[in-house]
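*Asks:* Just the structure for this:
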Amino acid sequence: MAKLETKEMTEVKVNPEDSSSLKGTLYAVFGIGIFLVITWLIVFSIFLERN
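*Replies:* Got it, this is the predicted structure:
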């Protein structure tokens, strides 16, 4: 029969350096999202003006 192996739970400590990396990612995602919303609004306004 197969043996079940168990892994011990280990604590992971978060360094302050890691959170700064995630802040940069968050800012990049917000920047891209804002860019997409603004682009969509511009294209939608052009669509409304043509009809």
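*Asks:* From here on, just use CA atoms for contacts and neighbour counts.
*Replies:* Will do.
*Asks:* Spatially central, which residue of the chain would that be?
*Replies:* Val29 (5.2 Å; CA atoms, centre = their mean).
*Asks:* And that one, how close does it get to Glu8?
*Replies:* Computed as CA to CA, to the nearest Å, the Val29 to Glu8 distance reads 35 Å.
*Asks:* which residues touch the residue nearest to the centre of the chain?
*Replies:* Listed by CA atoms under 8 Å, 6 or more residues apart in numbering, Val29 has no contact partners.
*Asks:* for it, helix, strand, or coil?
*Replies:* Following DSSP: H, G, I helix; E, B strand; the rest coil, the label given to Val29 is helix.
*Asks:* What's the per-residue pLDDT of it here?
*Replies:* According to the prediction, Val29 has pLDDT 98.
*Asks:* Which stretches in this protein count as helices?
*Replies:* Taking DSSP state H as the criterion, the chain carries its helices at 16-50.
*Asks:* Output the below-cut-off pLDDT ranges for it.
*Replies:* Scanning the chain for pLDDT under 70 picks out 1, 12, 14-20.
*Asks:* give me that answer again for 80
*Replies:* Along the chain, segments meeting pLDDT under 80 span 1-20, 51.
*Asks:* which of the residues in stretch 42-51 are buried?
*Replies:* Buried residues in stretch 42-51, defined by neighbour count with 16 or more other CA atoms under 10 Å: none.
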